[in-house]
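K.L.:
what shape does this take:
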Amino acid sequence: MIASVSEMGRSASSLKRSAERSRRRKADPYRSALSMLTFYLNRAGRNLPAGQRRTLQRAKGELRKQFGRD
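P.N.:
Have a look, this model is predicted:
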């Protein structure tokens, strides 16, 4: 469980950093980061292991916290 908590935080931080640095985004950084995560989850589909899917779903909540949207 601890590994997935730190992994979740790293994923959210990485997405946040990427969204904030991007010059090509049309929406605000929060929306952009959430879109990237959702796109990845949808593309991975059923091939994504349940544990990794859970971690990435939790990363959505962590993104909200990091952007102050909770």
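
K.L.:
with just CA atoms, put stretch 48-62 into CSV.
P.N.:
What follows is stretch 48-62, C-alpha atoms only, in CSV (Å, rounded to 0.1, in the frame of the first residue of the first chain):
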residue,chain,number,x,y,z
LEU,A,48,-4.1,-2.2,-17.3
PRO,A,49,-3.6,-4.3,-14.1
ALA,A,50,-6.2,-3.6,-11.4
GLY,A,51,-3.6,-2.3,-9.0
GLN,A,52,-2.2,0.2,-11.4
ARG,A,53,-5.7,1.3,-12.4
ARG,A,54,-6.5,1.9,-8.8
THR,A,55,-3.3,3.9,-8.2
LEU,A,56,-4.0,6.1,-11.2
GLN,A,57,-7.7,6.6,-10.2
ARG,A,58,-6.4,7.8,-6.8
ALA,A,59,-3.9,10.1,-8.5
LYS,A,60,-6.9,12.1,-9.7
GLY,A,61,-7.7,12.9,-6.1
GLU,A,62,-4.1,13.8,-5.5
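
K.L.:
ok, now which ones touch the residue lying closest to residue 62 once chain neighbours are set aside?
P.N.:
Spatial nearest neighbour of residue 62, excluding adjacent residues (C-beta to C-beta, 6 or more residues apart in numbering): residue 12 at 3.8 Å. Just so you know, the C-beta spots here come from the backbone N, C-alpha and C atoms, and that holds for glycine as well. Listed by C-beta atoms under 8 Å, 6 or more residues apart in numbering, the contact set of residue 12 reads 33, 59, 62, 63, 65, 66.

K.L.:
let's see 6 Å
P.N.:
When contacts are counted by C-beta atoms under 6 Å, 6 or more residues apart in numbering, residue 12 is found next to 59, 62, 63, 66.

K.L.:
all set, thanks.
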